[in-house]
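have a look at this prediction, sequence included:
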Amino acid sequence: MFKTLTSIKPRTIARFAALLACIAAPASARNTDSVTYTVVAGDTLYSIAERYLKTIGNARDIQRINRVRNPRRLSIDRTLTIPREMLKFERVQLMVGPFSGPVTVGGELPETGANLALGDQVVTQRNGFIRFESTFGGRVSLPSNTTARLVRARRYLLGNTLDVEFEVLNGRANAVSPTLEGQDRLRMRTPVAVTAVRGTEFRVAYDAANADVSLTEVTEGTVQVAAGGETRPTPAGFGVSSNPSGVNEPEALLPEPAFVEGTAVQTGETLTFAFEPVTGAQAYRVRIAKDPSGLDVLADQIVSGGVAEFPSIDNARYFVSARSISPSGLEGASLSSDSFLRKRVGVTPSQGQSPDYDGYNFTWTGEGEGTATYAFQLWSEGSPEMLLVDEVGLTQTQIIVTNLAPGRYNWRVAATETDEVEGLIKVWDETRLVTASN
């Protein structure tokens, strides 16, 4: 018996038990490698094989599996068990959707709209992301540092039954399943565990360097996780870790951290986001995406503290979200994302004497892509409330100040741009010191 990874309150246990009672039976059926068929009037094993099986010879296999005495005489309403591998099927397509960064599909660069071939390995490296859209309404997203492959993508003629399976060899996969009908099956597997779903949203993770552990996190609906001959239902808001011996007790996913800084405008060269730590979290995954759902990912990283920094990105509006990571490695909820404007605005200033004008020459260069105006301020050290120079709306990148009395002065420069949503954006560079002498 495995130890519980995290203690769960009695009220949570009661809610979890009620969910298990509702889902255990149908989920188990979806995890089988066979389907069932109910005999109707006029059926024989040969007519069933002709309509639904790969070869007519499979009729003999079905006769043996179901212990049918006469293949030409079947009782109406009798239930036959048929292995999925014997069924005729049509290919279901998963097509390349949005992607960014270093990604390969079958060893080649991906092409939007191209079909994912069975067995092709999909590899995302650092800051590489890709999403696959399906003809059956589901989607699979692979974040950075992931290797996965499509194992099965079929729709059987028998019952129009869907059967799709992805394998995560290393890294993570985020999956959204449509509502499945009848004996439809959608599974995500790792080398350790298999996760079967029915109309749900969930994540699967596997670290090839720690080959004994597979993780499943459920954010919507319910899944069945099977490992080591053991199957455990897991509802939304919970996750489980698995190893070759079985599936551990479900663990309540940690809440998402709240951002306290960085979700309005990001003007610096480096993007910085600060958030409130969550009790029980050992780390956090912070992600920048192009869409509020977080499916079109641009960059993500794992940090141990309450601040995440990202390198510069193009000017645009983006969305940032964060997940708490428990000591077991399970990543918690990420129910919301905060919109922020990325608008690179700033200056790089310098100073020197101006012998031509017997004064001081203050210059700067603008940073960013937009058209900026500038502001300049100068004051005696220790007296910022009494500005000696206060210029705004400058279009030039230079100002000369003359007739400064000997002494120490502070000065600074700001770049100013206007955004349709945020309005006026003014970014002051750091305050600097200049010493005037005779």
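Right, received. Where do you want to start?

parallel or antiparallel, which strands does the helix or strand in which I302 is found pair with?
Assigned by DSSP states H and E, I302 belongs to strand 297-303. Strand 297-303 has the following sheet partners, assigned by DSSP bridges: strand 283-289 (antiparallel).

low-confidence ranges, the stretch 301-438 of the chain, go.
The stretch 301-438 of the chain contains residues with pLDDT under 70 at 438.

can you do 80?
Where the stretch 301-438 of the chain drops to pLDDT under 80, the residues are 334-335, 355-358, 370, 438.

what about A283, distance to G262?
Per C-beta to C-beta, to the nearest Å, A283 is found 18 Å from G262. (Each C-beta comes from the backbone N, C-alpha and C, glycine too.)

and the two? Which one has more around it.
A count of neighbours by other C-beta atoms under 10 Å puts G262 above the other of A283 and G262, at 21 against 15.

give me the neighbour count for the closest residue in space to R287 that isn't next to it in sequence.
Excluding the flanking residues, the one nearest R287 by C-beta to C-beta, 6 or more residues apart in numbering is D300, at 3.9 Å. Burial of D300, expressed as a neighbour count using other C-beta under 10 Å, amounts to 23.

the one 3 residues further on too?
Around V303 there are 16 other residues, counting by other C-beta under 10 Å.

I'd guessed it sits against Y284; true?
Yes. At 5.5 Å, V303 and Y284 qualify as touching, with contact defined as C-beta atoms under 8 Å.

what's the next secondary structure element after the strand holding I302?
Remark: after strand 297-303, the chain's next helix or strand is strand 307-310, criterion DSSP H and E.

buried set for that next one?
In terms of neighbour count (16 or more other C-beta atoms under 10 Å), strand 307-310 has its buried residues at 308, 310.

give me the sheet partners of it and which way each runs.
strand 271-275 (antiparallel).

looking at the strand it pairs with now, give me its mean pLDDT.
For strand 271-275, mean pLDDT is 96.

give me the contacts around that strand.
With C-beta atoms under 8 Å, 6 or more residues apart in numbering as the test, strand 271-275 has contacts from 257-263, 266, 284, 286, 288, 306-313, 320, 322, 342.

in ChimeraX, how would I select the buried members of these?
With 16+ other C-beta under 10 Å as the criterion, this ChimeraX line picks the buried residues out of the contacts of strand 271-275:
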select :257,259,262,263,266,284,286,288,306,308,310,320,322,342
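
sorry, back to before: show me the contacts for the residue nearest to R287.
Counting by C-beta under 8 Å, 6+ apart, D300 touches 143-144, 285-288.

ok, it to P143 distance?
To P143, D300 is 6 Å away according to C-beta to C-beta.

joint contacts of those two?
Listed as contacting both D300 and P143 by C-beta under 8 Å, 6+ apart are R287.

do a quick rundown of the strands in the stretch 251-400 of the chain.
With strands called from DSSP state E, counting those that start in this stretch, the stretch 251-400 of the chain shows them at 251-252, 259-261, 265-266, 271-275, 283-289, 297-303, 307-310, 316-325, 338-342, 346-354, 359-367, 373-380, 387-394, 398-402.

redo those strands as CSV? Include distance to R69.
As requested, the strands of the stretch 251-400 of the chain are exported to CSV (distance: least, C-beta to C-beta, whole Å):
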stretch, distance to R69
strand 251-252, 51
strand 259-261, 69
strand 265-266, 74
strand 271-275, 68
strand 283-289, 59
strand 297-303, 58
strand 307-310, 68
strand 316-325, 58
strand 338-342, 67
strand 346-354, 85
strand 359-367, 84
strand 373-380, 92
strand 387-394, 96
strand 398-402, 100
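
so which of those strands is nearest D429?
Closest to D429 of those, according to C-beta to C-beta: strand 346-354, at 5.1 Å.

buried ones in the closest one?
346-347, 349.
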